[in-house]
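Peer 1: what shape does this take:
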Amino acid sequence: MIRTADDPTDRDPHVETDGVAGVLLLKADDAADRLAISVSQLAELSRRGDVPAVRIGRSVRYDPRDLDGNEGPLLKPEAAAAALAISPRKLWALTSTEEIPCVRLGSAVRYRRCDLLAWIDERKEA
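Peer 2: So this is what the prediction gives:
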């Protein structure tokens, strides 16, 4: 699905236009970087329908709003653990017991910054 940008100030510097005024799309390598996965993993997720893609001739492009909801790039486990000031092992324990929210992209596990902040807020003591 191709969407037009309503506000030109919303433009992401990593986004390119496909030649149609106001339509902003990411190339595969930029989309993979944003999801913190490889391009081949992204291609597989697109083939399975887990990540929406836009075909333009022989090219495949991705709408950044479909990738991360404008919340910024997803965090790899190491980065999420560092952001929470816990060990990667503790993060995995919390993830495997579903105590902390995560995004599963095929076999890759990633974390949204906003989900981590909400998780922290839920645990704050007054």
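
Peer 1: CA-only coordinates of the helix or strand harbouring residue 119 in CSV, if you can.
Peer 2: Applying DSSP states H and E as the criterion places residue 119 in helix 113-123. The C-alpha trace of helix 113-123 is given here as CSV (Å, rounded to 0.1, in the frame of the first residue of the first chain):
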residue,chain,number,x,y,z
ARG,A,113,11.9,1.9,22.7
CYS,A,114,8.4,3.1,23.5
ASP,A,115,7.4,-0.4,24.8
LEU,A,116,10.5,-0.5,27.1
LEU,A,117,9.7,3.0,28.4
ALA,A,118,6.1,1.9,29.2
TRP,A,119,7.4,-1.3,30.9
ILE,A,120,9.7,0.9,33.1
ASP,A,121,6.8,3.2,33.9
GLU,A,122,4.7,0.2,35.1
ARG,A,123,7.4,-0.8,37.5
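
Peer 1: following element in sequence after the least confident helix or strand in the chain by mean pLDDT, please.
Peer 2: Using mean pLDDT, DSSP states H and E, the weakest-scoring helix or strand in the chain turns out to be strand 16-17, at a mean of 46. Next helix or strand after strand 16-17 toward the C-terminus (DSSP H and E): strand 24-25.

Peer 1: that next one pairs with which strands, parallel or anti?
Peer 2: Looking at strand 24-25 with DSSP bridges, its partner strands are strand 16-17 (antiparallel).

Peer 1: picking that back up, what comes up buried for the helix holding residue 119?
Peer 2: The neighbour-count criterion (16 or more other CB atoms under 10 Å) identifies 113, 115-116 as the buried residues of helix 113-123. Backbone N, C-alpha and C define where each C-beta goes, glycine included.

Peer 1: so which one among those has the lowest pLDDT?
Peer 2: In terms of pLDDT, the lowest of those is residue 113, showing 86.

Peer 1: residue 75 is in contact with that one, correct?
Peer 2: Yes. Counting by CB atoms under 8 Å, residue 113 touches residue 75, with 6.4 Å between them.
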